[in-house]
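Engineer: Sequence and predicted structure are below.
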Amino acid sequence: MGYHLRQIARGVLGEPSKIREELEEFEDALAQNNRIMAAVELSDLLGATKAAAEKLGFTLQDLITMHEANERAFKDGTRKSR
């Protein structure tokens with residue numbers, strides 16, 4: 001099985017399946033208590049997210065901008081955690 005302790009389905013870059021693959025690999029790295037592998041998988045997750053965003057016509061910076069707006073809404077109390 002290589003690096004991971006369980007079978008993880010391969011995804012297609014630019015598709016949700018690749019994001020799912022990288023998330024499952026990140027979860028597996030955490031289960032192994034392997035911080036370095038987890039960091040690599042987070043980087044891969046970012047790359048998979050970037051490819052999916054670009055396929056839809058927006059950039060990683062667009063996602064960051066929205067994230068920052070969302071973060072402000074939580075900090076100022078406009079949005080509440082459920």
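Structural biologist: Yep, it's here.
Engineer: What is the distance between stretch 43-58 and the centre of its chain?
Structural biologist: 9 Å (Cα atoms, centre = their mean, to the nearest Å).
Engineer: brain fart, stretch 74-82
Structural biologist: Remark: stretch 74-82 is offset 22 Å from the chain centroid, using Cα atoms, centre = their mean.
Engineer: That one spans what distance, first to last residue?
Structural biologist: Stretch 74-82 has an end-to-end distance of 11 Å (Cα to Cα, to the nearest Å).
Engineer: Can you tell me what sits against it?
Structural biologist: The contact list for stretch 74-82 (Cβ atoms under 8 Å, 6 or more residues apart in numbering) reads 70, 72-73. No exception for glycine: its C-beta is placed from N, CA and C like everyone else's.
Engineer: starting at the chain centroid, how far to the helix or strand of the chain with the lowest mean pLDDT?
Structural biologist: Least confident helix or strand of the chain, by mean pLDDT, DSSP states H and E, is helix 60-75 with a mean of 96. Helix 60-75 sits 15 Å away from the centroid of its parent chain (Cα atoms, centre = their mean).
Engineer: buried stuff in it?
Structural biologist: Residues of helix 60-75 classed as buried by neighbour count (16 or more other Cβ atoms under 10 Å): none.
Engineer: Nearest to Glu15 among the contacts of stretch 74-82?
Structural biologist: Ranked by distance to Glu15 (Cβ to Cβ), the contacts of stretch 74-82 are led by Asn70 at 24.2 Å.
Engineer: OK, contacts around that closest one?
Structural biologist: Asn70 touches Arg79, counting by Cβ under 8 Å, 6+ apart.
Engineer: Nothing else from me, thank you.
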